[in-house]
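>>> here is my input, please return the structure:
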Amino acid sequence: MVAFLSYHYPHLVDPQFRPKFKALPPPLSGPGKGPAGSGALVDHSDLPNVPLYLTHSYVSALGNYTPAMASRGYHLFHGHHTPATCTEALEYLRPAAYEMVTGPKAKHSVLKVKISSDAVHLESEFFSGKSTSREEEDIIEFYRHSADSGNTESQVAMGVLLALGGIGGLEKDYQKAVEYFAMAGEEDDANGLAHLGWMYQHGLGVPNDNETAFALYEQAALLGSTFGMNALGECYYYGTGTETDLTSAKTWFEVAAEKNDPEAQLNLGRMAFSGIGTTKSYSKARSYFHQSALGGNLVALYNLAIMNSYGFGVKISCQQAASYFNKIIEKTISKENLIQAYQYYTMGYYDRALIHYEIAADQGDHLGQLNAAWMYEMDLGIHEINKNAGYVERNRTRYNLKKAFMYYMQAAEQGSPEAHVKIGDYYYYQKAPGATGTDSARAAAFYRAASTLRDPQATFNLGYMHHNGIGVPRDRHLAKRYYDMSLVQDPEGYLAVTLALNLLWVELYWEQIQMRGLLWGMSTDNTLIAVLVVILFVSIIVRWILERRG
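Presented below is the predicted three-dimensional model:
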């Protein structure tokens, strides 16, 4: 935390490296709590305290502090404030990722419920007027009502939500989760039986009973549950509740893997990698790990990173290994900060939300970078942070602009189309730090990069720029192509694209009229009136079409 503060809020850290906050700053209310008589002016136009940040980051990483290792690995990999070195980055990313897939915080949940505040893009939510936290509560209420009405799928979902806890304000309750799983199991619901077996195996809400767990897994597997099939295979593999039988284990793993179960694919990869219960094959192991990783399994992703790091059945690739490790960190360490940040954001504690988003951003999470950038753009949080520290501000607007631009650049660096569009806007509207005028050519370059990532806004912007010859050669045919592509990428942009295309056609027809001399002799005013009449006519037609579609 000291390393983080020294970089992002250097005025909150004294020369002896002692943070002025022992914990996060308090919420918005209350007087400033900085050191008595500080009242110092903080010139936000200054660059962050990079040397101090690097010192703290390095020392924290040496102490095996996982978030610090993740952060240092990310910055070393991308060369932020230090020469880029993939090999050294791996020395920090590898142990950080390992801790996340094997340590006490590793979570091996068997069901992925699609309710998650770690995936909120604040800007999109702000303009859509929708609240993810409200949606979570509504979805949970729907599941609860449906489960109590006898729907077995909802009963299983409620059981998982109660077993996990923390989603939509729902508290963890193992006994209640067992009740829901049992209700579904009584109706021969395969997933309900499998989850009930998992609770018995781990002694959650019921006494530990491996024999009962094995029987429930077997029943669930025969009813078609892939979770039950994989769990049954693991029982045979480890001798849990039954005798060890590697042949039966492999058989059940294969049946579940054919149905795209990530855990079963991971287990087959382990067997192929080690040669236990099957022929040793790095190529097969890699294939299974890849399939499992596509299904969201982080252990499989870690194994792929290790294979790329050391060349097991594949050419050594530091870049690919680092990419895999970074993905694990995004899904674990950063995810916790994103969830915490969004909770603070919905409560109106923007200072705390900003700090958590920046921590996630500092570990290389692109969504943390996007949200931190947007909060700086909207001037949310930084004023409260400085106020609570007892500091007087100046040049906050310029500082916010620099920080937002920095985070958008970092997110763009990782392939975020939204960030590319934002950076393009900064150059187009002369907002980029140090810009002395419009840099349309550079804006077009960022829009083009986002367009290749299928961002409809970027594609439309390219059409507009080619339409008007801004930063790129004027080319109406190319403009039409981009407008059409934008509509394919996002049909909801129909009105804007239709108006742009109609204007394009009006201009083309007008040029043809002028070339043929059909309006020869008309005054400038009459010419303008003629053009406006055509545009008005087209607009009426477009409106008529839209009303008929509605």
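
>>> output stretch 210-228 as CSV, nothing but the C-alphas.
What follows is stretch 210-228, C-alpha atoms only, in CSV (Å, rounded to 0.1, in the frame of the first residue of the first chain):
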residue,chain,number,x,y,z
ASN,A,210,-17.0,-39.1,1.9
GLU,A,211,-19.1,-42.3,1.3
THR,A,212,-22.3,-40.3,1.1
ALA,A,213,-20.6,-37.8,-1.2
PHE,A,214,-19.4,-40.6,-3.5
ALA,A,215,-23.0,-42.0,-3.7
LEU,A,216,-24.4,-38.6,-4.5
TYR,A,217,-21.8,-38.0,-7.2
GLU,A,218,-22.5,-41.3,-8.8
GLN,A,219,-26.2,-40.7,-8.8
ALA,A,220,-25.7,-37.2,-10.3
ALA,A,221,-23.3,-38.5,-12.9
LEU,A,222,-25.7,-41.1,-14.1
LEU,A,223,-28.3,-38.4,-14.4
GLY,A,224,-26.0,-36.4,-16.7
SER,A,225,-24.3,-33.8,-14.4
THR,A,226,-20.9,-33.0,-15.7
PHE,A,227,-19.9,-31.7,-12.3
GLY,A,228,-21.0,-35.0,-10.8
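
>>> show me what counts as buried in that stretch.
Applying a neighbour-count criterion of 16 or more other C-beta atoms under 10 Å, one finds 210, 212-221, 225-228 buried in stretch 210-228. Any C-beta I mention is one placed from the backbone N, CA and C, and that applies to glycine too.

>>> stretch 265-275 too?
Counting neighbours by 16+ other C-beta under 10 Å, stretch 265-275 gives 265-273 as buried.

>>> secondary structure class for the nearest residue to Gly165 once chain neighbours are set aside?
Distances taken as C-beta to C-beta, 6 or more residues apart in numbering place Lys172 nearest to Gly165, at 2.8 Å, with adjacent residues excluded. Under the three-state scheme (DSSP: H, G, I helix; E, B strand; the rest coil), Lys172 adopts coil.

>>> what residues are up against Lys172?
162-166 (C-beta atoms under 8 Å, 6 or more residues apart in numbering).

>>> 10 Å - rerun?
161-166, 204 (C-beta atoms under 10 Å, 6 or more residues apart in numbering).

>>> related to what we said a few turns ago, so of the buried residues of stretch 210-228, which ones are in strands?
The strands, defined by DSSP state E, take in nothing from those.

>>> element containing the residue lying closest to Ser317 once chain neighbours are set aside, please.
Spatial nearest neighbour of Ser317, excluding adjacent residues (C-beta to C-beta, 6+ apart): Asn308 at 4.7 Å. Taking DSSP states H and E as the criterion, the element that holds Asn308 is helix 298-310.

>>> what's the average pLDDT for that helix?
Helix 298-310 shows a mean pLDDT of 94.

>>> measure Met406 to Tyr302 for me?
30 Å (C-beta to C-beta, to the nearest Å).

>>> the more surrounded of these two?
Tyr302 (23 against 18; other C-beta atoms under 10 Å).

>>> shouldn't that one be in contact with Phe289?
Yes: under the criterion of C-beta atoms under 10 Å, Tyr302 makes contact with Phe289 at 9.0 Å.

>>> what's the burial count for Ile276?
Neighbours of Ile276 (other C-beta under 10 Å): 13.

>>> hang on, Ala496 packs against Asn461?
No: using C-beta under 10 Å, Ala496 is not in contact with Asn461; the gap is 11.1 Å.

>>> quick one: which of those two has more around it?
Asn461 (25 against 17).

>>> next, the buried residues of stretch 72-86.
Buried residues in stretch 72-86 (16+ other C-beta under 10 Å): 72-78, 80, 86.

>>> actually stretch 476-487, sorry about that
Quick answer for stretch 476-487 (16+ other C-beta under 10 Å): 476, 478-480, 482-483, 485-487.

>>> re earlier: quick check, nearest of the buried residues of stretch 72-86 to Asn151?
Distance to Asn151, by C-beta to C-beta, is smallest for Tyr74 among these, at 43.6 Å.

>>> chain center to the helix or strand just after the helix holding Asn308, what's the gap?
Scanning forward in sequence from helix 298-310 by DSSP H and E, the next helix or strand is helix 318-331. Here helix 318-331 shows a centroid-to-chain-centroid distance of 14 Å under the convention C-alpha atoms, centre = their mean, to the nearest Å.

>>> so for helix 318-331, mean pLDDT?
Here the average pLDDT along helix 318-331 is 90.

>>> for that helix, packing partners?
Other elements packing on helix 318-331 under the criterion 3 or more C-beta pairs under 10 Å, 6 or more residues apart in numbering; DSSP states H and E are helix 66-78, helix 86-102, helix 282-294, helix 298-310, helix 333-347, helix 366-377.

>>> out of those, nearest to Asn191?
Checked against C-beta to C-beta, the stretch from these lying closest is helix 282-294, at 19.5 Å.

>>> next, the angle from that closest one to helix 318-331.
Calculated by axes from the mean of the first three to the mean of the last three C-alpha atoms, to 10 degrees, helix 282-294 forms an angle of 30 degrees with helix 318-331.

>>> pull the CA atoms of helix 282-294 into PDB?
Extracted C-alpha coordinates of helix 282-294, given in PDB (Å, rounded to 0.1, in the frame of the first residue of the first chain):
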ATOM      1  CA  TYR A 282       2.900 -32.900 -23.300                       C
ATOM      2  CA  SER A 283       1.000 -32.100 -26.500                       C
ATOM      3  CA  LYS A 284      -2.200 -33.700 -25.200                       C
ATOM      4  CA  ALA A 285      -1.700 -32.100 -21.800                       C
ATOM      5  CA  ARG A 286      -1.400 -28.700 -23.500                       C
ATOM      6  CA  SER A 287      -4.500 -29.300 -25.500                       C
ATOM      7  CA  TYR A 288      -6.500 -30.300 -22.500                       C
ATOM      8  CA  PHE A 289      -5.200 -27.300 -20.500                       C
ATOM      9  CA  HIS A 290      -6.100 -25.000 -23.300                       C
ATOM     10  CA  GLN A 291      -9.700 -26.300 -23.500                       C
ATOM     11  CA  SER A 292     -10.000 -26.000 -19.800                       C
ATOM     12  CA  ALA A 293      -8.600 -22.400 -19.700                       C
ATOM     13  CA  LEU A 294     -11.100 -21.400 -22.400                       C
END
